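> Predicted model and sequence follow; I will ask about them next.
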Amino acid sequence: MIGSLVATAFWAMVPAYVPNNAAVLAGGGRPIDGGREWRGARLLGDGKTWRGTAVGTLTGVVLALALNRLNEPASAALGVDLPTFALPAAVALAFGAMCGDIGASFLKRRSGRERGAAFPGLDQLDFVVVALLAVFVVDTNWALATFTPAVLGVVLVMTPVLHVVTNVGAYALGLKNEPW
């Protein structure tokens, strides 16, 4: 039971988990805020770029479509009925994750935190909350069928752990300048 919940939660969230990592790899380019400030601080900072947002979103959508192709063998191997992604759900999860991270950057700048500074709680769940809100708005039926209360609970517990592990790994590989 727990194993199937974890497998379903992870599978359903992959299109939201990967975009921000893809954005880091594709980083650079024009900042979304264009260098503008508000109340003496950058709106978002140099880490939020148009290219990173586009590449992150596209990566999440393409990954969801690839998972659709792997769904049958993965479901059989795991003994779980894994969800397939409708295109609107895939876009909502990927773009929602990017928007959540952008929103967190805005809040970090407002609280005086520099790029890469820790903001416990927000750092781990910003992208998940907005991705889930987006998918529930864009494709309510798919979201309700996929994200049962039990699956949502697993997502909210699993995500902070995965977030810390992947960020420390990216830092160790030299892909990020800060471990958090």
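Everything's here; your move. Numbers count the residues shown, from 1 in each chain.
> what about the strands in this structure?
Secondary structure of the chain, counting by DSSP state E: strands at 37-38, 41-42.
> Compare those and give me the one nearest Thr140.
Thr140 lies closest to strand 37-38 among the strands of the chain, at 34.1 Å (Cβ to Cβ). From N, CA and C alone the C-beta is placed, and that goes for glycine too.
> quick one: strands adjacent to that closest one?
Strand pairing for strand 37-38, using DSSP bridges, gives strand 41-42 (antiparallel).
> coming back round to it: if you compare the strands of the chain, which one is most tucked away?
When the strands of the chain are scored by mean count of other Cβ atoms under 10 Å, the highest mean neighbour count falls to strand 41-42 (a mean of 18).
> mean confidence score for that strand?
Summarised as a single mean, pLDDT over strand 41-42 is 84.
> That one: how far from the chain's middle?
24 Å (Cα atoms, centre = their mean, to the nearest Å).
> before we move on, back to that, adding distance to Thr166, write the strands of the chain out as CSV.
Putting the strands of the chain into CSV (distance: least, Cβ to Cβ, whole Å) gives the following:
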stretch, distance to Thr166
strand 37-38, 30
strand 41-42, 25
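> right, so of those strands, which gets closest to Phe136?
strand 37-38 (29.8 Å).
> what sits against the closest residue to Asn20 other than its chain neighbours?
Sequence neighbours aside, Asp101 is the residue nearest to Asn20 in space, at 5.1 Å (criterion: Cβ to Cβ, 6 or more residues apart in numbering). Listed by Cβ atoms under 8 Å, 6 or more residues apart in numbering, the contact set of Asp101 reads Asn20, Ala23, Lys48, Asp126, Phe127.
> my read: the first one touches Gly56, true?
Think Asn20. Yes - taking contacts as Cβ atoms under 8 Å, Asn20 lies within contact range of Gly56: 6.0 Å.
> Identify the contacts common to these two.
Ala97, Met98.
> These two: who's more crowded?
A count of neighbours by other Cβ atoms under 10 Å puts Gly56 above the other of Asn20 and Gly56, at 27 against 24.
> got the contact list for the helix-or-strand element of the chain with minimal mean pLDDT?
In the chain, the helix or strand scored least confidently by mean pLDDT, DSSP states H and E is strand 41-42, which has a mean of 84. Outside of strand 41-42, the residues within contact range by Cβ under 8 Å, 6+ apart are Asp33, Gly35, Arg36, Arg109, Arg110, Gly112.
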